[in-house]
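Trainee: Got a predicted model here, sequence first, then my questions.
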Amino acid sequence: MRAREFIAEGESRGIQPDVAAALPATYVIPALKNQDPYRQYRFGVAIAAAKGQLDNNYSPVNNIPPYSPTSIWGENEVVVSYGADADTYIDAALKAIGLSPSDKKLISTKTSIEGPGVGIVSPVKPFKGYPR
């Protein structure tokens, strides 16, 4: 089979009427370009937020924050690692793509520290085990 037999994008000027009739409600949003995956992701989150708000599931009592058009992270790459040598790998990767290790910014602590309200002692009393 030749490519021209199954690629007909240039010849088609829209969706065929019988195909359009068979589709469920289908919308095109020209202002939302598909070259920006982050914006597409945020649109999906906005749809979920709108559905929750309009279906009356949204309530400040449920601790659901209102939708924000941007993330607190922005479009920035975020790397989370429990490894002690994550800096080494991140620095090497940054250099490999022409960036500097100084382009990264640590926004947390190097180790995971539980917050003051988190219990770190097990509620189960330890025992020596069963007699053998």
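Mentor: Received it, and whenever you're ready, just let me know what you need. Numbering: from 1, shown residues only.
Trainee: give me the element the residue positioned nearest the centre of the chain is part of.
Mentor: In the chain, the centroid-proximal residue (C-alpha atoms, centre = their mean) is residue 41; its distance is 7.0 Å. Using DSSP states H and E, residue 41 maps to helix 37-54.
Trainee: Go through that helix and flag the buried ones.
Mentor: 42, 49 (16 or more other C-beta atoms under 10 Å). Every C-beta, even on glycine, is put in place using the N, C-alpha and C of the backbone.
Trainee: Check which helices and strands the next helix or strand after it sits against.
Mentor: Downstream of helix 37-54, the next assigned helix or strand under DSSP H and E is helix 86-96. On a contact count with 3 or more C-beta pairs under 8 Å, 6 or more residues apart in numbering; DSSP states H and E, helix 86-96 meets no helix or strand.
Trainee: What mean pLDDT does helix 86-96 get?
Mentor: For helix 86-96, the mean pLDDT works out to 89.
Trainee: likewise stretch 40-58?
Mentor: 79.
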